[in-house]
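*Asks:* quick one, what's the 3D model for this:
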Amino acid sequence: MYFYVDGKPYGPFTMGKDGFPIAGEVARHFRREKGYSAVYVASHLGDVSERWVLKMEHENRVPDSITRRRALCLLLGIPPMLLGLANANDFNAPETVIKTGSFDIDVYTNGLSVLWDSFHSGVPISTILKQVNTTIPTLRSIESKDINLTLSGYYRLASRLYREKGVYDLAEKNIEDSERYALAGKNDYLYASGLLSHGRTLVETGTIEKGIIYLRDAYSRSLDDTSGLHGTASIELAMALSRLPTTAKDRRVIEGYVREAQKEADAVTNDGSFTSLDRGIVSVYTVDVLMHLQSRQGIEDMVEDASTLLQPQHTWRHALLDILQAGYSLETHELYGCLSAMERAYDAAKSIDSVYLLGLLRELGNALHSRYGDEKGVQGILKKLKIKPSV
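*Replies:* Sure thing, here's the model as predicted:
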């Protein structure tokens, strides 16, 4: 039979004795709809195995733990009612609305960390964005002053994903919403984080000077922060400033920001998450700074440091590093190294559906085409990037 939530039918599922759909059927249905493997679900729930997930689905061994059920709902996009997190009588009417007041905000906060990890580890951006855009209206319907900070975090992630899709008007709108909710929640850290993301958005769209204003504001507001935010603001400022015409004095200022970020990365206790500032991340962004400053001194060592220190599951950041490495190889006339790095970056960018990374690759591809368009081996990557070969 079909079960209605918010007037929308779900199913068909078998109804259990408690009036709810068989939870194992529900979990399997939504997992397959998402295209997730049992291994993927297990890895994101933590402390469970692929076998646990399959037994849960086929033998209806859905955990009694409300926290675990909520985590399943968030990961797979399951309306909480379908896993028994509401009154079964509410299924009777198509106009049913979930009583959000009974839900634990911590579930959504923890889910936000899962979604950030999913982005950095290479889950397709469209998949994550769909989940975020489904969750935000639910959070907005919760009447609680505590929800402001969670909403701020989800809007910031939405902005980041829209940036990656190249939809900058929505990226800016969502980051403005993030800042607004951070202010409403009176949280300086989240507000500074929003300013940081806002500045990066503006820099990516070419409004560099305006972006630097936001980045400086984030930098000054995070002076006493010990979580790594200040170091992130430092390296972001260095990257933004390196994109402008620079004097010798400007370069010294930029180098100072880089050193500050490196020092903070060494001091921050890394918890292994994707949002922790570490030396590998700073090394990647330092390569970006050196490339824009057209400074070859030390860049090979920095690329090696970044490759060694960056955690292997950081798919997006490794792709960015490959693009930077390809650009350096092109400048130093190492064609094979350039092509190898571009191929790696292209495969990663396509797998996660990153318009931003593909755009960087096309810029690099145009430079490659102008220099080596007729060379053997070049045509393959140019064709993938839809850059027309020489006539």
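
*Asks:* what about the strands in the stretch 1-150 of the chain?
*Replies:* Secondary structure of the stretch 1-150 of the chain, counting by DSSP state E, counting those that start in this stretch: strands at 3-5, 8-10.

*Asks:* for the nearest residue to G377 once chain neighbours are set aside, identify the helix or strand it belongs to.
*Replies:* The shortest distance from G377 to any non-neighbouring residue, by Cβ to Cβ, 6 or more residues apart in numbering, is to L339 (5.8 Å). In this view, the C-beta of every residue, glycine as well, is placed from N, C-alpha and C. Following DSSP states H and E, one finds L339 within helix 335-352.

*Asks:* pLDDT weak spots in this protein?
*Replies:* Low-confidence segments of the chain, defined by pLDDT under 70: 1-2, 4, 6-7, 18-19, 86-104, 143, 145, 268-277, 389-391.

*Asks:* separation between the closest residue to L309 other than its chain neighbours and T286?
*Replies:* In space, L309 comes closest to G280 once its chain neighbours are excluded; the distance is 3.4 Å by Cβ to Cβ, 6+ apart. Applying Cβ to Cβ, to the nearest Å, the value for G280 to T286 is 11 Å.

*Asks:* which one of those two is surrounded by more residues?
*Replies:* Legend: neighbour count by other Cβ atoms under 10 Å for G280 and T286, higher for T286 (26 against 20).

*Asks:* surely the more buried one touches M302?
*Replies:* Yes. Counting by Cβ atoms under 8 Å, M302 is a contact partner of T286 at 5.3 Å.

*Asks:* elements contacting the helix holding L339?
*Replies:* helix 315-331, helix 355-372, helix 378-384 (3 or more Cβ pairs under 8 Å, 6 or more residues apart in numbering; DSSP states H and E).

*Asks:* pull out the buried residues from the second one.
*Replies:* Counting neighbours by 16 or more other Cβ atoms under 10 Å, one finds that the buried residues in helix 355-372 are Y356, L357, L358, L360, L361, L364, G365, L368, H369, Y372.

*Asks:* quick revisit: okay, now the residue nearest to G377: neighbour count?
*Replies:* So L339, with other Cβ under 10 Å, has 20 neighbours.

*Asks:* with the one 10 residues further on instead?
*Replies:* In terms of burial, A349 registers 24 neighbours under the definition other Cβ under 10 Å.

*Asks:* cool, F119 as well?
*Replies:* F119 is flanked by 24 other residues according to other Cβ under 10 Å.

*Asks:* ok, it touching L129?
*Replies:* No. F119 is beyond contact range of L129, at 9.3 Å (criterion: Cβ under 8 Å).

*Asks:* need the overlap of contacts for those two.
*Replies:* Residues touching both F119 and L129 by Cβ atoms under 8 Å, 6 or more residues apart in numbering: L161.

*Asks:* tell me how far the most centrally placed residue in the chain lies from S49.
*Replies:* For the chain, the residue nearest the mean C-alpha position is F119 (3.7 Å; Cα atoms, centre = their mean). From F119 across to S49, the span is 24 Å (Cβ to Cβ).

*Asks:* what of E375?
*Replies:* E375 sits 49 Å away from S49, going by Cβ to Cβ.

*Asks:* and K249, by the same measure?
*Replies:* Relative to S49, K249 is positioned 58 Å away (Cβ to Cβ).

*Asks:* who has more neighbours out of these two?
*Replies:* The neighbour comparison of K249 against S49 (other Cβ under 10 Å) goes to S49, with 13 against 8.

*Asks:* if you skip the residues just before and after it, what's nearest to that one?
*Replies:* S49's closest residue in space is A42 (Cβ to Cβ, 6+ apart), at 5.5 Å.

*Asks:* isn't that neighbour up against E50?
*Replies:* Yes. With contact defined as Cβ under 8 Å, A42 counts as touching E50 (5.1 Å).

*Asks:* does V289 really touch L237, like I thought?
*Replies:* No. The criterion here is Cβ under 8 Å, and V289 misses it with L237 at 10.0 Å.

*Asks:* with distance to L54 added, can I get the helices and strands packed on helix 335-352 in a markdown table?
*Replies:* Formatted as a markdown table, the helices and strands packed on helix 335-352 follow (distance: least, Cβ to Cβ, whole Å):
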| stretch | distance to L54 |
| --- | --- |
| helix 315-331 | 26 |
| helix 355-372 | 34 |
| helix 378-384 | 37 |
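
*Asks:* ok, and for the helix holding L339, which residues are buried?
*Replies:* Of the residues in helix 335-352, L335, C338, L339, S340, A341, M342, R344, A345, Y346, A348, A349, I352 count as buried by neighbour count, 16+ other Cβ under 10 Å.

*Asks:* ok, back up a step: Throw the strands of the stretch 1-150 of the chain into TSV and include distance to K165 and mean neighbour count, thanks.
*Replies:* Listed next are these as TSV, based on distance: least, Cβ to Cβ, whole Å; neighbours: other Cβ atoms under 10 Å:
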stretch	distance to K165	mean neighbour count
strand 3-5	28	20
strand 8-10	26	14
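
*Asks:* as JSON lines, those with distance to R31 would be great.
*Replies:* Formatted as JSON lines, the strands of the stretch 1-150 of the chain follow (distance: least, Cβ to Cβ, whole Å):
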{"stretch": "strand 3-5", "distance to R31": "17"}
{"stretch": "strand 8-10", "distance to R31": "14"}
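
*Asks:* any idea how far stretch 191-199 is from the chain center?
*Replies:* Centroid separation between stretch 191-199 and its chain, computed with Cα atoms, centre = their mean, to the nearest Å, is 15 Å.

*Asks:* output it as PDB, nothing but the C-alphas.
*Replies:* In PDB, the C-alpha atoms belonging to stretch 191-199 read as follows (Å, rounded to 0.1, in the frame of the first residue of the first chain):
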ATOM      1  CA  TYR A 191      28.900  34.600  10.800                       C
ATOM      2  CA  ALA A 192      32.700  34.800  10.100                       C
ATOM      3  CA  SER A 193      32.500  31.500   8.200                       C
ATOM      4  CA  GLY A 194      29.700  33.000   6.100                       C
ATOM      5  CA  LEU A 195      31.700  36.100   5.400                       C
ATOM      6  CA  LEU A 196      34.600  33.800   4.300                       C
ATOM      7  CA  SER A 197      32.500  31.800   1.900                       C
ATOM      8  CA  HIS A 198      30.900  35.100   0.600                       C
ATOM      9  CA  GLY A 199      34.300  36.500  -0.100                       C
END
